[in-house]
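# need a 3D model of the following:
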Amino acid sequence: MKPRSIRCMKFFLALFNIVFILFGLVLMAICVINMRERKSRPEQQSALSRGVLAFLITLALGLVLTAILGCIGALREHVKILYVHACFLIFLVSIEVVVGVGGAVLSAWVGGSSELRVEFYRNSTVDDEGPNQTVYWDDLQSENQCCGVDGPQDYAILQREIPASCCARAHPLREGDARRHFHSTCLNNKSYYMRGCEEILRQKKALKGNIFISTGVLFTLLEIICIILALWMARTVRNERRKLQQNLQAHFET
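Residues are numbered from 1 along each chain as shown. Next up is the predicted model:
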């Protein structure tokens with residue numbers, strides 16, 4: 001009968017790798033859906049965002065393949081496959097740490113620049129930007145319940161009327177008397193959004209960043225645990241087989 005330690009390591013190693021497979025598949029699905037959505041909104045698509053999504057898909061695919069290899073090695077108690085699985089996980093963890101630290105440094109480095117402010121003033125002062133830019137800003141302000149970059153005072157500085165997208169009841173309506181009425185009432189009562197889009201988007205970005213970092217740290221710890229289990233199980237299985245071989249050899253010699 002196999003030692004209890006090997007059975008426990010086999011169970012947890014297989015369990016962790018199944019979790020990695022599910023996580024990798026979910027991550028790939030989210031990235032593919034995100035890429036399709038961004039194709040329908042070219043103004044929100046950038047080379048950086050495409051590169052990040054492509055990297056996440058590649059990382060998720062590598063994680064799935066490594067986890068499948070780990071399941072096979074654990075269930076079959078194959079020493080060489082377990083060592084290969086541990087090496088692949090070490091490689092993935094190294095990439096995740098390097099990219100995570102690099103992304104944090106890059107985010108802090110470019111954090112002072114405000115592309116949103118440049119886009120806002122260009123949209124508000126240049127008349128030949130086309131309807132797509134205006135629609136983008138209307139959707140941005142309506143979805144995030146914000147107005148301007150720092151607030152509605154941005155439109156006052158530019159001596160422009162606060163748009164209907166800053167009013168909760170006016171923007172969802174089609175062009176017509178009802179929309180003009182609600183828009184006028186919103187301006188007279190000053191019931192438009194008071195918070196700027198930059199502040200809200202910064203808070204949402206910080207929240208997403210915290211979730212991403214927490215998830216990354218959690219799975220990095222799981223990967224490290226999986227590496228330790230794989231190496232430990234490979235060594236234990238190898239030692240048990242050596243002991244069994246020595247016992248058989250001693251038995252036949254006697």
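# so where is the stretch 1-150 of the chain shaky, pLDDT-wise?
For the stretch 1-150 of the chain, the stretches with pLDDT under 70 are 1-2, 38-49, 104, 106-114, 123-133.
# what do you get if the cut-off is 50, keeping everything else the same?
The stretch 1-150 of the chain contains residues with pLDDT under 50 at 47, 112-113, 128-129.
# helices along that one, start to end?
With helices called from DSSP state H, counting those that start in this stretch, the stretch 1-150 of the chain shows them at 4-39, 47-76, 79-109, 115-125, 131-144.
# make JSON lines from those helices and add distance to residue 215 and mean neighbour count to it.
Heads up, the C-betas are built off the backbone N, CA and C, glycines and all. Compiled in JSON lines, the helices of the stretch 1-150 of the chain are given as follows (distance: least, CB to CB, whole Å; neighbours: other CB atoms under 10 Å):
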{"stretch": "helix 4-39", "distance to residue 215": "9", "mean neighbour count": "15"}
{"stretch": "helix 47-76", "distance to residue 215": "12", "mean neighbour count": "17"}
{"stretch": "helix 79-109", "distance to residue 215": "11", "mean neighbour count": "15"}
{"stretch": "helix 115-125", "distance to residue 215": "26", "mean neighbour count": "15"}
{"stretch": "helix 131-144", "distance to residue 215": "24", "mean neighbour count": "16"}
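# and those as a markdown table, adding distance to residue 230?
Converted to a markdown table, the helices of the stretch 1-150 of the chain look like this (distance: least, CB to CB, whole Å):
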| stretch | distance to residue 230 |
| --- | --- |
| helix 4-39 | 6 |
| helix 47-76 | 6 |
| helix 79-109 | 4 |
| helix 115-125 | 44 |
| helix 131-144 | 45 |
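# closest one to residue 202 among the ones you listed?
helix 115-125 (9.4 Å; CB to CB).
# between the closest one and helix 131-144, how many degrees?
Taking axes from the mean of the first three to the mean of the last three CA atoms, to 10 degrees, one finds helix 115-125 and helix 131-144 inclined to each other by 120 degrees.
# which residue ranges make up the domains of the chain?
By the assignment in automatic domain parsing, the chain contains the domains 4-112+216-253, 115-148+152-192.
# of those domains, which is nearest residue 203?
Here domain 115-148+152-192 is closest among the domains of the chain (CB to CB), at 9.8 Å.
# now residue 139: closest residue in space, sequence neighbours ignored.
Excluding its sequence neighbours, the residue lying closest to residue 139 (CB to CB, 6 or more residues apart in numbering) is residue 165, at 7.5 Å.
# centroid residue for the chain?
With distances taken as CA atoms, centre = their mean, the residue of the chain nearest its centroid is residue 212 (5.5 Å).
# just the pLDDT at residue 248, thanks.
pLDDT, residue 248: 76.
# from residue 242, how far off is it?
Per CB to CB, to the nearest Å, residue 248 is found 11 Å from residue 242.
# again with residue 23
Distance, residue 23 to residue 242, using CB to CB: 36 Å.
# residue 158 now?
According to CB to CB, residue 158 and residue 242 sit 79 Å apart.
# do the same with residue 146
Per CB to CB, residue 146 is found 67 Å from residue 242.
# quick one: which of the two has more around it?
residue 146 (23 against 10; other CB atoms under 10 Å).
# the residue lying closest to that one once chain neighbours are set aside: what's it in contact with?
Excluding the flanking residues, the one nearest residue 146 by CB to CB, 6+ apart is residue 197, at 3.9 Å. By CB atoms under 8 Å, 6 or more residues apart in numbering, the contact list for residue 197 reads 116, 120, 140, 141, 144, 146, 147, 148, 149.
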